[in-house]
Structures are given as C-alpha cells and as structure tokens.
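*Asks:* Structure for the following, please:
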Amino acid sequence: MMMHTLIDPFNRSISYLRVSVTDRCDFRCVYCMTENMKFLPKKELLTLEELDFLCSSFINMGVEKLRITGGEPLVRRNIMSFFQSISRHLDDQKLKELTLTTNGSQLKKFAKELFEVGVRRVNISLDTLDDAKFGKVTRWGRLSQVLEGIEAAQAAGLRVKINVVALKGFNEDELFRIVSWCNERGMDLTWIEVMPMGDLESEERIGQYWSLNELRQTLEQEYTLTDMTERSGGPARYVKVNETGQKIGFITPLSHNFCESCNRVRLTCTGELYMCLGQEDKADLRRPLREKPTDEGHLRKAIEAAIAKKPKGHDFDYTRQEVQGQMTRHMSHTGG
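*Replies:* Next up, the predicted model:
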C-alpha cells in the first residue's frame, strides 16, 4: 500500500488532485464565467509535458485520484496525448482513478479514446433538459450536442454521472424529471449548490442559491431516501432512492461544508495550486518547475510547503446579498 507523504496541518491525507488543463470553454455558463470572458494568453499556460511532470510528482507523493477539469478540458489542443501519457500511472497502479469533468460537448469525438486510455467514469455538467433553458444557462451551448456526447460515453463503456447545479427559479421545476431521466439511463446524479465565485456582471446570482436541504425535502415528498456511507473520493454525500435503487449525491459547500474530510487540492493551468476551494491562498508551482524542469525533489519541496498552508476550511455566505463573488477567481479558473 502506498504511503501518503502529503499530510496537511490538520492531519488530512491529500490523495485527490483536480487539474485544470485550460481556462477556455466552448460554453459560457452564467454561474461560471462572463459572456465576454478574457482568457489567458497561451504562453501563460503550462505545457502538456509540464502538466504531466507536475501530476506525476503529486502521484509519487501519494495522490491516488486525478480529475481533469477546465474550463472544458477536451477543447485543449492535443489533450489526448496528455491522457495517454499520464495513464501510465494506472498501469503501475500508483494511480487508482483517472477521470474528468466535462460539459459533454466533445465526448462524441473523444469518448472511445478516453476509455481506451483507462478512464472509466466521467462527470458531465448538465443543468436542464429543456432546449431553450439550456441555451440560456450556457449562452452558447446546444443541448442535442451534449445528449449525443452522453450517448457516446455510455456506448464506449464509460460510467456517466450527471452534475446539476441547483438554481432557484431555473431548474426547480425539473427536479423530478432529471431524477427520472438519470434513472432510466443508469446514470448517477449529483446536485451541487451554486458557489459565489467571480464577478459575473449580473444581478442573477443573489436569487440563484437553492439550498440542497430544501431540495432534498422536496425529493422526499415523492421518494424514500436512505443515507449511504459510500464516498467517491470527493465531497459528495450520497443517498439511495429506495423506490428506484439509484444513487443521488449532494455537494453542499454552503449549507453543510465538507471541510473536515477534505482530501483535495486544485492545480490551475498556469501552475497555481489552490489549497482550498473557498480561500484565495495559492502557491506558485510554475516557478520551481521551470527553475529546475527535471528536478522532482525541487518541486516536491514546493508542493510540501504549499500543503503545509492548507486551511481548515472555507465559509461561503450568501447573506451579504452582493453581486460580486466572494472569490475573485471564476469557477472556470480551477474547474470548480
């Protein structure tokens, strides 16, 4: 069994790394970024080789789960070469899981190849099953393209989990429809509370928050829910729907934060390491990486120093009723 060498100040093992490989996306979801988003110059981004070296260093220090995010990870040029390379850690069993979070738009093209390199599960962000509402929430997206991507993922053998951001006044009326739709297709489902991140130039955010405590109570009007002890390695808490047997997750960064068991850190596409979703503290790993590009020991010291600063937790709060995000960075910066 691998010895964990990444232990934070609160004695939590860091075994899960979320890696944003790009800040770019082919959608402009209203809770994630502005419509006229300014993206980073390409020269600011880590190369795929640098991302591989960084991820490999974390894996050699005990990280067992790697989630690739964006932006939309599959729009990064030559991203499959990264997946092919990093999958060697699945072969040597240092890495237990290689997975990704995607909007599904590119899965028709990449699903089969992802399965071939060892990806077995994908999380797909989908907040509505209504064409018009989908166009509104994504600004640029087409629902049919995502549905085709989901079909391609399942056909390729990938297990699909649908991630839905709970948006008051937007998808409340689709709660039972979405639950049934996922059950019919054998897909797990996770509801996520909307997070106050980034200035979205919109007044909509104040009214968007829909507590998952409230959502669960609504579900319990139709279903019997049993709490499960199962964990997927991330922040979701799961329930079993007794009537259907399906599994539903709740990610509750506001109504019930999950900090006591946090095993995660987030790496951006520029090499910034965020130790907490809801804090601004970060460490620059690009500088030590580029100072000594092949010296893993040099990078390891920087990683250990960063983990030593991981805070106990975060505290999102909507009671301030402000339009600006509590975090200055947008969700697309760290992929959630």
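*Asks:* What residues sit buried inside stretch 30-42?
*Replies:* For stretch 30-42, burial by neighbour count (16 or more other Cβ atoms under 10 Å) applies to Val30, Tyr31, Cys32, Met33, Thr34. (Each C-beta comes from the backbone N, C-alpha and C, glycine too.)
*Asks:* what's the answer for stretch 230-243, then?
*Replies:* Ser232, Gly234, Pro235, Ala236, Arg237, Tyr238, Val239, Lys240, Val241.
*Asks:* re the thing from before, need the buried residues of stretch 30-42 in CSV with distance to Lys94 and pLDDT, can you?
*Replies:* Conversion of these to CSV gives the following (distance: Cβ to Cβ, whole Å; pLDDT from 0 to 100):
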residue, distance to Lys94, pLDDT
Val30, 39, 84
Tyr31, 35, 80
Cys32, 32, 81
Met33, 34, 81
Thr34, 39, 82
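*Asks:* Widest-spaced pair of the residues you listed?
*Replies:* Spatial extent of the buried residues of stretch 30-42 (Cβ to Cβ) is set by the pair Tyr31 and Thr34 at 11.0 Å.
*Asks:* Provide a list of residues in contact with the nearest residue to Arg264 once chain neighbours are set aside.
*Replies:* Closest residue in space to Arg264, ignoring its immediate chain neighbours: Tyr16 at 4.4 Å, by Cβ to Cβ, 6 or more residues apart in numbering. Neighbour list for Tyr16: Val63, Glu64, Lys65, Arg67, Gly233, Gly234, Asn263, Arg264, Val265 [criterion: Cβ atoms under 8 Å, 6 or more residues apart in numbering].
*Asks:* swap in Gly135?
*Replies:* Shown in contact with Gly135 (Cβ under 8 Å, 6+ apart): Gly141, Arg142, Leu143.
*Asks:* If you count neighbours, what's buried in the helix or strand that contains it?
*Replies:* Assigned by DSSP states H and E, Gly135 belongs to helix 131-138. Neighbour counts using 16+ other Cβ under 10 Å place Lys133, Phe134, Val137, Thr138 of helix 131-138 among the buried residues.
*Asks:* One more: stretch 284-298?
*Replies:* Residues of stretch 284-298 classed as buried by neighbour count (16+ other Cβ under 10 Å): Leu285, Arg286, Pro288, Leu289, Glu296.
*Asks:* Dihedrals phi and psi, Glu20?
*Replies:* That one is not Glu; residue 20 is Ser. The phi and psi values for Ser20, taken as degrees, to the nearest 10, are phi -90, psi 120.
*Asks:* before we move on, what about Glu193?
*Replies:* Torsion angles at Glu193 (phi, psi; degrees, to the nearest 10) stand at phi -70, psi 140.
*Asks:* Distance check, it against Asp131.
*Replies:* Distance, Glu193 to Asp131, by Cβ to Cβ, to the nearest Å: 25 Å.
*Asks:* So which residues of this structure form helices?
*Replies:* Secondary structure of the chain (DSSP state H): helices at 48-60, 79-86, 88-91, 107-116, 131-138, 143-156, 175-184, 205-208, 212-219, 286-291, 296-307, 331-334.
*Asks:* between those helices, which gets the lowest average pLDDT?
*Replies:* Mean pLDDT is lowest for helix 331-334 among these, at a mean of 52.
*Asks:* sorry, back to before: could the buried residues of stretch 30-42 go into a markdown table alongside distance to Ser105?
*Replies:* A markdown table is the format used below for the buried residues of stretch 30-42 (distance: Cβ to Cβ, whole Å):
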| residue | distance to Ser105 |
| --- | --- |
| Val30 | 17 |
| Tyr31 | 17 |
| Cys32 | 14 |
| Met33 | 15 |
| Thr34 | 19 |
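*Asks:* between the residues you listed, which is nearest Glu113?
*Replies:* Proximity of the buried residues of stretch 30-42 to Glu113 (Cβ to Cβ) peaks at Cys32, which lies at 25.8 Å.
*Asks:* returning to what we had before: so how do I select the buried members of the contacts of Gly135 in PyMOL?
*Replies:* Typed into PyMOL, the line below selects the buried ones among the contacts of Gly135, using 16+ other Cβ under 10 Å:
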select buried, resi 141+143
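*Asks:* Just put the contacts of Gly135 in a markdown table and tack on distance to Glu113.
*Replies:* Shown next, in a markdown table, are the contacts of Gly135 (distance: Cβ to Cβ, whole Å):
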| residue | distance to Glu113 |
| --- | --- |
| Gly141 | 22 |
| Arg142 | 22 |
| Leu143 | 24 |
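*Asks:* mind checking how far stretch 40-56 is from the chain centre?
*Replies:* On the basis of Cα atoms, centre = their mean, to the nearest Å, stretch 40-56 sits 18 Å off its chain's mean C-alpha point.
*Asks:* which residues sit against it?
*Replies:* Residues outside stretch 40-56 that contact it (Cβ under 8 Å, 6+ apart): 17, 19, 21-23, 63, 66, 76, 78-79, 81-82, 85-86, 89, 267, 269-271, 285-286, 289-290, 293-294, 296, 299.
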